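In: quick check, what structure comes out for this input:
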Amino acid sequence: MTHIALPASLHDLPTPCLVLDGARMARNIDRLRDRLAQRGVPLRPHLKTGKSIEVARRMMTTPEGPATVSTMEEARRFAAAGVSDIVYAVGITPAKLPDVLALRAQGVDLAILLDSVEQAVAVAEVSRAAGMAIPALIEIDCDGHRSGVQPGDRDRLCAIATALTQGGQLRGVLTHAGDSYGAQGEEALRAAAEAERLAVVTAAQNLRDGGFACPAVSVGSTPTALSAVDLTGVTEVRAGVFVFFDLVMAGIGICSHAEIALSVLATVIGHQEDKGWILVDAGWMALSRDRGTASQAVDQGYGLVCDLSGRPFGDLIVAQANQEHGVLALRAGSSESLPSLAIGDRVRIFPNHACATAAQHDRYHVVQAGSDVQAIWPRFGGW
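Out: This is a model prediction of the structure:
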């Protein structure tokens, strides 16, 4: 990336752009680390939210990891930066196995994920041909949200393990409580966390009863990581969006608006006073089309609008989004008045989904307090 001159403050940045509150991010990281330390379980942070070397270094406990990724590009980028303990937590395809072998040949302990005999056979065949055992975790379905093996299906678990160990290596079991994103309230979140834990612990025991070692028992989602009371039998916790948080997490009750570290900086470009609209230069290309709060108790539109210090303007949201235009308006039923924002004024917009919004940008403009820009951190995309 070419050198970028550091602007003095948010007032000097071209808009729209991505702003990262470094102090909030640091507190978010400490919050989860401290919680897991009290339960004696290490964090294997998921680096997909940040997709940034600088963010990753702050999330991991050592420069080498441990880490979780969701794309091979992430694995390559972080490996090039010295990360050597990586789990690629998306179901593997045979076409990606040569890339896995290449990274392992460089000294990266890259483990992969699978949930079928077919995948396990492919991994074993490639491992035998290369003379290098590829370690894999079996994905467990803890809530019907996505993929994975049922934790009580001992026959399927052992069939996968048998096929895998004909050349590859069984590293353990892994699950993701994706359904926790729809949980509401502390009781529901704790129940989701316990269901997640119980699923992988049960699956691990079924494998052990079948004669297979199962050293890794991995759970992880931000809502469950911050809600779990009991982590007995779990060897690691994975989570990612906790590093920034977002409006979906706030709607679930996992964080407050004051803990959201990521925002999009935008400039007022017009008004439609008869409609109660303020127009800004950040549309869905800058904010993403994610509408994750639409099904929650409070619909935040395409984002919640804040002042430059990151304090929300009450009920002001991005009610509509075109490609490069955002329409700011008060949420339906609000008794508030529109804030007085002149053309050229700047606002920050909290995202519904931090991962999706960050993916629209190639750098973070890091602030600590107020509007002074302390650093610019590159981020990357791709698969």
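
In: tell me the contacts of residue 144?
Out: residue 179 (CB atoms under 8 Å, 6 or more residues apart in numbering). Just so you know, the C-beta spots here come from the backbone N, C-alpha and C atoms, and that holds for glycine as well.

In: name the helix or strand for it, please.
Out: In this structure, residue 144 sits in neither a helix nor a strand according to DSSP states H and E.

In: same question, the one 3 residues further on
Out: Assigning secondary structure by DSSP H and E places residue 147 outside every helix and strand.

In: any idea how far it lies from residue 69?
Out: The spacing between residue 147 and residue 69, counted by CB to CB, to the nearest Å, is 17 Å.

In: mind listing the helices for the chain?
Out: 22-38, 53-59, 72-80, 97-105, 117-130, 154-164, 186-209, 222-225, 247-252, 284-287, 354-358 (DSSP state H).

In: let me see the domain layout of the protein.
Out: The record's domain parsing of the chain by automatic domain parsing lists 44-238, 257-378.

In: mind putting the ones you listed into a markdown table with mean pLDDT and distance to residue 26?
Out: Below are the domains of the chain laid out as a markdown table (pLDDT from 0 to 100; distance: least, CB to CB, whole Å):
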| stretch | mean pLDDT | distance to residue 26 |
| --- | --- | --- |
| domain 44-238 | 97 | 7 |
| domain 257-378 | 96 | 9 |
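
In: export those to JSON lines and tack on distance to residue 38?
Out: Listed next are the domains of the chain as JSON lines, based on distance: least, CB to CB, whole Å:
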{"stretch": "domain 44-238", "distance to residue 38": "10"}
{"stretch": "domain 257-378", "distance to residue 38": "19"}
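
In: coming back round to it: more neighbours: which of residue 147 and residue 69?
Out: residue 69 (25 against 15; other CB atoms under 10 Å).

In: separation between the closest residue to the more buried one other than its chain neighbours and residue 151?
Out: Excluding the flanking residues, the one nearest residue 69 by CB to CB, 6 or more residues apart in numbering is residue 75, at 5.0 Å. Residue 75 is 27 Å from residue 151, where distance means CB to CB.

In: please apply the same query to residue 7.
Out: 51 Å.

In: okay, those two: which has more neighbours?
Out: residue 151 (22 against 15).

In: picking that back up, so which of the domains of the chain gets nearest residue 33?
Out: Closest approach to residue 33 among those (CB to CB): domain 44-238, 7.9 Å.

In: sorry, back to before: which of the domains of the chain sits closest to residue 14?
Out: Using CB to CB, the nearest of these to residue 14 is domain 257-378, at 9.1 Å.

In: ok now the closest one, how far from the chain's centre?
Out: When distances are taken as CA atoms, centre = their mean, to the nearest Å, domain 257-378 is centred 20 Å away from the chain's centroid.

In: hang on, residue 366 packs against residue 374?
Out: Yes - using CB atoms under 8 Å, residue 366 is in contact with residue 374, at 5.1 Å.

In: who touches both of the two?
Out: residue 22.

In: who has more neighbours out of those two?
Out: Between residue 366 and residue 374, counted using other CB under 10 Å, the more crowded position is residue 366 (22 against 14).

In: residues touching that one, list them.
Out: Counting by CB under 8 Å, 6+ apart, residue 366 touches 19-22, 373-377.

In: is there a quick PyMOL command that grabs whichever of those are buried?
Out: The PyMOL selection below is limited to those of the contacts of residue 366 classed as buried (16 or more other CB atoms under 10 Å):
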select buried, resi 19+20+21+22+373+376+377
